[in-house]
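Undergrad: need a structure here:
(one chain, ligands or ions: 1)
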Amino acid sequence: MSIQEFSLEVTPILPPILNRLKELTDDLRYSWNIPTRNLFERLDKELWMLVGHNPKLFLQNIEQAKLNEAATNPSFLNDYHQVLSRYDAFYQAKERREGGTQLAKNDLIAYFCAEYGFHESLPVYSGGLGILAGDHCKTASDMRLPFVGVGLFYHQGYFSQQIDHEGNQIVSRHINDPRHLPLSPVVDNTGTPILIEIKIGATPVFVRAWQVRIGHIHLYLLDTNVLHNNADNCAITDQLYGGDQHTRIKQEIVLGIGGVRMLRRLGISPTIWHINEGHAAFLILERLRELKVAGHAVETALEAVAANTVFTTHTPVPAGHDHFPRELMMNYLGHFAQQEFGLSPEAFLDLGCLPQDGPDFNMTTLAIKSARHLNGVSRIHGNISAEICAKFWPAIAPAENPMRYVTNGVHISSILARDWNELFNDKLGIEWHRYLCDTQTWQAVIEAIPDQQFWQIKQNVKSRMLDIIRRALTAQHTRHQISKTHLERILKFIDPNNPNILTIGFARRFATYKRATLLLKDLERLRMLLTDSSKPVVFIFAGKAHPADIPGQNLLKALYHLGGEPDFLGKLLVVQGYDLGLSRRLVSGVDVWLNNPIYPLEASGTSGMKAAINAAINLSILDGWWAEGYEGDNGWGIKPSPHSNEELRDQEDVRSLYEVLQDEVISLYYDQGKYGYSSGWIKKAKRSMASILPRFNTVRMLNDYIKGFYLPASQQGKRLSDNNYVQAQTLAHWKANIRNCWNGVRIRQLAIPPTQQLNYGESVTLQVALYLNQLQASDVTIELLLSRQIYHPEFLGSRQPDFQAESIQTYRLVPERPLPETGEYLYTITFQPEWCGGLKYQIRAYPHHELLSHPQEMGMMLWV
Ligand SMILES: *Cc1c(COP(=O)(O)O)cnc(C)c1O
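TA: Numbering: from 1, shown residues only. A predicted model of the protein is given here:
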């Protein structure tokens with residue numbers, strides 16, 4: 001017999017005095033404002049958990065009686081009014097802060113990303129990329145930047161994870177009902193949703209938008225689930241990283257092309273365009289089209305668009321960059337190329353291709369060719385990216401090409417546990433986040449916390465984490481019908497009343513390069529470590545593997561299985577459902593944060609930063625951000641094995657890891673004095689917090705973006721677009737001419753002196769003849785690079801000279817006169833070396849124009 005179910009929805013009525021609660025639920029400021037979240041939680045703790053910390057859903061499901069009671073509860077009302085008064089003060093303080101004050105009055109940054117992670121209540125993210133994008137937006141609000149975000153509204157988000165009794169990852173999908181989420185439809189003045197239209201292949205696809213309020217800034221999430229679309233197109237924005245290549249390219253068309261159109265439709269005119277990872281790079285096509293329609297040549301349009309476009313790449317693995325077969329491109333964007341662009345298929349596809357890369361259209365290639373401001377996300381990743389991308393500027397050394405870096409950071413208020421928050425409120429006043437980058441202040445404040453108090457706070461936060469993990473594991477295992485005694489064995493070492501067991505966390509996406517099972521490489525050592533009852537250790541693992549990533553899921557399974565063996569039971573725990581909520585608990589609660597990726601594949605990583613600012617200590621491979629963050633006394637850094645053989649590399653890494661674990665981590669933790677804690681441990685934890693909080697926060701990161709990328713992009717954009725793009729046209733013409741002539745340019749040094757001997761203070765004169773092949777003398781820069789002779793490079797260690805270091809001095813040669821007899825042009829220089837000893841010099845020439853964004857953007861260079 002089938003029984004039908006009908007639904008009914010009863011909305012509680014907010015007592016008038018509590019009316020503004022609703023306002024708070026529609027503003028993601030709650031994701032970093034703990035007092036706001038507390039307000040909901042205290043109304044009904046149980047419900048707060050059941051609705052996954054979602055304030056809007058909470059207010060739709062709370063019992064009327066609880067609201068009525070709160071409306072007459074003086075203590076609640078007191079807190080409520082305090083939250084509101086801070087809320088209002090937050091909106092009254094509109095003036096730009098930090099680097100924001102340097103932007104021009106009419107500047108506006110448009111930030112495009114395929115995923116955003118603000119809070120667990122808005123599940124449109126999968127991992128680090130999304131959370132970074134979320135933190136970027138939150139910080140733009142903190143700094144009151146002129147900023148707008150663009151993304152996609154995924155009806156099913158990423159996925160929810162369960163783990164069955166065999167350790168299999170079970171994927172479940174929930175429908176994101178917009179009525180339950182902190183967003184509102186973008187409508188016109190009659191209340192009708194605003195639609196824009198894009199052609200994907202021959203079919204028009206209609207796109208609507210949802211507006212998300214993130215404090216002072218807005219984000220628009222695009223959505224194809226509208227009546228006018230056929231079922232296929234409605235489903236374009238169903239899942240994050242789901243579907244096949246057809247879905248993926250359509251999503252990226254909606255994001256890039258649809259995103260620009262939606263902004264235009266809303267009358268928003270960005271002056272700076274930030275493409276955060278290649279998924280959003282199609283925005284370039286739409287901007288080119290706009291300029292084409294306005295009557296500009298494609299080459300001019302390309303210069304103008306590139307001038308104010310910033311592109312951030314997030315993976316050092318070339319295979320991680322999205323690419324599409326040519327047929328797919330032509331199928332979905334062929335009409336766009338021909339009808340709206342007037343470009344031949346070849347010319348169009350060339351925008352995303354390099355001859356040596358194979359035929360596919362690559363989103364990273366499109367972005368690098370069409371953005372002048374490029375960066376990776378840590379120093380190591382910036383260098384690796386410069387090497388991977390060196391092919392775009394073939395004659396330029398990677399260290400000198402335009403690829404640079406901004407090291408990631410985290411949004412402190414979103415991730416700092418409430419107890420630390422309160423402590424900083426006490427010590428620094430509630431505006432403490434205004435001194436986020438002030439190293440000395442943090443050093444002083446954190447050093448001054450009495451050890452006893454520091455330990456107590458850490459233990460409180462840890463206890464709360466243990467409680468949450470206990471509940472999660474209980475729910476997880478109860479489904480599998482295990483006995484109560486067995487459950488107790490599993491939970492034995494995570495006891496909120498006894499938080500004195502060394503707890504090590506490992507939680508992140510289960511991508512294989514993160515090597516979640518590295519510790520399992522040496523099972524005997526792991527067994528020894530975990531069966532020493534005098535110094536107990538617990539590992540907590542969590543993380544999702546992409547549903548199509550079978551090797552990633554196998555890692556999860558291997559951990560789960562081992563955790564079920566008698567020696568490991570209760571000491572190696574795998575918790576399902578990793579999301580922002582669980583992440584917040586883990587990073588703030590554990591004692592040690594473990595990260596052991598394959599070097600150099602961790603582009604940056606951010607979870608270790610989150611752990612450090614919450615007084616956990618990092619134990620990590622020196623890769624990504626940690627290679628910059630590690631200072632010797634603020635955590636443990638494992639030097640990655642240089643072996644290229646995978647097996648040997650892993651063996652070496654695991655050996656180093658166990659050595660540090662046993663000799664340093666465990667012994668330091670259990671070196672407990674008479675007060676029950678280890679003062680050496682606290683010293684390290686304080687150093688970790690004090691050194692990392694002021695450096696790896698997103699205010700520092702945004703300041704870096706503004707100074708190194710947004711400001712130059714804004715200025716270049718303006719220069720090239722003023723007076724109807726006359727300078728963009730000049731630059732395009734100049735480049736075309738350089739490309740025609742450069743192959744024929746020749747350089748030689750005249751009257752080459754043998755090794756010259758001179759005394760300090762004397763000068764040298766050098767002459768160079770350049771055959772310009774129809775170029776002007778002013779089209780070329782000629783430089784002399786002076787460096788010190790290195791007699792014994794084997795003792796140089798890490799002090800390798802590179803082109804950015806001061807170990808090289810650069811002198812410019814000046815154009816002197818034509819040499820009629822050879823058709824060359826004479827350049828000379830007279831200089832006094834500032835150094836003594838053996839010196840070397842090299843001479844080189846490269847194209848120069850004052851409108852270039854980067855001196856080496858042409859990728860051309862000649863050496864004598
Ligand atoms: C911070 C965070 C990440 C990024 O973690 P990494 O270890 O840097 O990869 C991923 N997922 C969630 C839920 C996070 O909070």
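Undergrad: And for the residue in the stretch 651-800 of the chain positioned nearest to the ligand, nearest residue in space, chain neighbours not counted?
TA: In the stretch 651-800 of the chain, the residue that lies nearest the ligand is Phe696 (11.3 Å; CB to the nearest ligand atom). C-betas here are computed from N, CA, C, even on glycine. Spatial nearest neighbour of Phe696, excluding adjacent residues (CB to CB, 6 or more residues apart in numbering): Met609 at 4.3 Å.
Undergrad: Quick check: that neighbour touching Thr698?
TA: No. Counting by CB atoms under 8 Å, Met609 stays clear of Thr698, with 9.8 Å between them.
Undergrad: And the strands in the stretch 651-800 of the chain?
TA: 746-750, 764-771, 780-788 (DSSP state E, counting those that start in this stretch).
Undergrad: List the buried residues of the last one.
TA: So the one you mean is strand 780-788. Buried residues in strand 780-788, counted by 16 or more other CB atoms under 10 Å: Val780, Thr781, Ile782, Glu783, Leu784, Leu786, Ser787, Arg788.
Undergrad: Return the distance of the strand ranked longest in the chain from the chain's centre.
TA: In the chain, assigned by DSSP state E, the strand with the most residues is strand 203-214. Centroid separation for strand 203-214 versus its chain: 24 Å, with CA atoms, centre = their mean, to the nearest Å.
Undergrad: which residues sit in contact with Glu524?
TA: Glu524 makes no contacts at all, as judged by CB atoms under 8 Å, 6 or more residues apart in numbering.
Undergrad: Could you identify the helix or strand that succeeds whatever helix or strand it lives in?
TA: Per DSSP states H and E: Glu524 is located in helix 523-530. Remark: after helix 523-530, the chain's next helix or strand is strand 537-542, criterion DSSP H and E.
Undergrad: From the contact counts, what lies against that next one?
TA: strand 502-507, strand 572-575, helix 580-589 (3 or more CB pairs under 8 Å, 6 or more residues apart in numbering; DSSP states H and E).
Undergrad: So for the ligand, which of these sits nearest?
TA: Closest to the ligand of the helices and strands packed on strand 537-542, according to CB to the nearest ligand atom: helix 580-589, at 3.2 Å.
Undergrad: Could you pull out the buried residues of the helix or strand containing Trp420?
TA: Element membership for Trp420 (DSSP H and E) is helix 418-428. Residues of helix 418-428 classed as buried: Asp419, Trp420, Asn421, Leu423, Phe424, Leu428 (neighbour count, 16+ other CB under 10 Å).
Undergrad: what mean pLDDT does stretch 484-491 have?
TA: On average, the pLDDT along stretch 484-491 is 94.
Undergrad: roughly how far is it from the heart of the chain?
TA: 39 Å.
Undergrad: swap in stretch 47-57?
TA: 27 Å.
Undergrad: How about stretch 406-419?
TA: 13 Å.
Undergrad: how about the CA coordinates for it, as CSV?
TA: Only the C-alpha atoms of stretch 406-419 are listed here, as CSV (Å, rounded to 0.1, in the frame of the first residue of the first chain):
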residue,chain,number,x,y,z
VAL,A,406,49.9,36.8,-3.3
THR,A,407,49.9,34.4,-0.4
ASN,A,408,46.4,33.3,0.7
GLY,A,409,45.1,34.2,4.1
VAL,A,410,42.0,33.5,6.3
HIS,A,411,39.2,35.7,7.5
ILE,A,412,40.0,35.8,11.2
SER,A,413,36.6,36.7,12.7
SER,A,414,35.0,33.8,10.8
ILE,A,415,37.3,31.2,12.1
LEU,A,416,38.5,32.3,15.5
ALA,A,417,36.8,30.4,18.4
ARG,A,418,34.5,32.5,20.5
ASP,A,419,36.6,32.2,23.6
